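In: need coordinates for the below:
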Amino acid sequence: MLKKLFLFAGVLMPFVCVAQTDTSKIPIPMKNGIVYYEKSYGLNASLKKEDQFNNALNWFKTSFSNMGGSIKTASPQSAEIAGKGVFKVKVNQNGNYYWLRFDVDISLSDSTYTFKAYHVYEKPIEKGISNEFSKIEYRWWDYRQGHPWSPEDIVLFKGLDSKMNVLMASLDKQIGKQ
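Out: Take a look at the predicted model:
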């Protein structure tokens, strides 16, 4: 029996540790130690900058108004929109999920626009867990070091990256509308 235990520990345990620390499949971008999504796109040359700004503003309102997001500033003169974005990531079939809240900046220049999302905070909604927002970088750091806070962390991080990429793609589609 003892021989089987050592075989289990020597063969399978290293794979468990690697699985917990393998973050290569979760491409969460970082900048200066924080989660930081940034992408620039070309503007539709056939549309006026004012129309593209309005499309971006409508995208922001549509994407976040039902979940508690808010616009802090929206300046047609400087062609900048700043506010808070929010979305939910479901992590299991038991109804547990996380609210993710983050700063969003959208700025338009003459030929491009840039989307930025940063200062990401997570708030778990599940029994036995504090329901306060905290910086996601704490959890991400521990996960990358092989110390996940929960077995659901991988789903949370994959959900963050997936939803952020869906947001950026939907903005790109919306801003070029005629």
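In: in this protein, mark out all the helices, start to finish.
Out: 2-11, 13-21, 49-64, 136-144, 153-175 (DSSP state H).
In: closest one to Leu100 among those helices?
Out: helix 153-175 (6.0 Å; Cβ to Cβ). C-beta: built from backbone N, CA, C; applies to glycine.
In: pretty sure Met164 sits against Tyr37.
Out: Yes - with contact defined as Cβ atoms under 8 Å, Met164 reaches Tyr37; the gap is 5.0 Å.
In: joint contacts of those two?
Out: Listed as contacting both Met164 and Tyr37 by Cβ atoms under 8 Å, 6 or more residues apart in numbering are Ala117.
In: give the buried residues for the longest strand along the chain.
Out: Longest strand in the chain, counting residues (DSSP state E): strand 112-125. Neighbour-count burial for strand 112-125, with 16 or more other Cβ atoms under 10 Å as criterion, is recorded at 113, 115-118, 120-124.
In: closest to Lys90 out of these?
Out: Comparing those against Lys90 with Cβ to Cβ places Pro124 closest, at 11.8 Å.
In: between the two ends of stretch 138-155, how far is it?
Out: Stretch 138-155 has an end-to-end distance of 16 Å (criterion: Cα to Cα, to the nearest Å).
In: what does stretch 63-74 give?
Out: One end of stretch 63-74 to the other measures 15 Å (Cα to Cα).
In: need the residue closest to the centroid of the chain.
Out: Nearest to the mean C-alpha position of the chain, by Cα atoms, centre = their mean, lies Leu160 at 3.7 Å.
In: wait, what's in contact with it?
Out: Shown in contact with Leu160 (Cβ under 8 Å, 6+ apart): 28, 35, 89, 100, 120, 136.
In: and the helices of the chain: which comes nearest Ser107?
Out: Distance to Ser107, taken as Cβ to Cβ, is lowest for helix 49-64 among the helices of the chain, at 9.3 Å.
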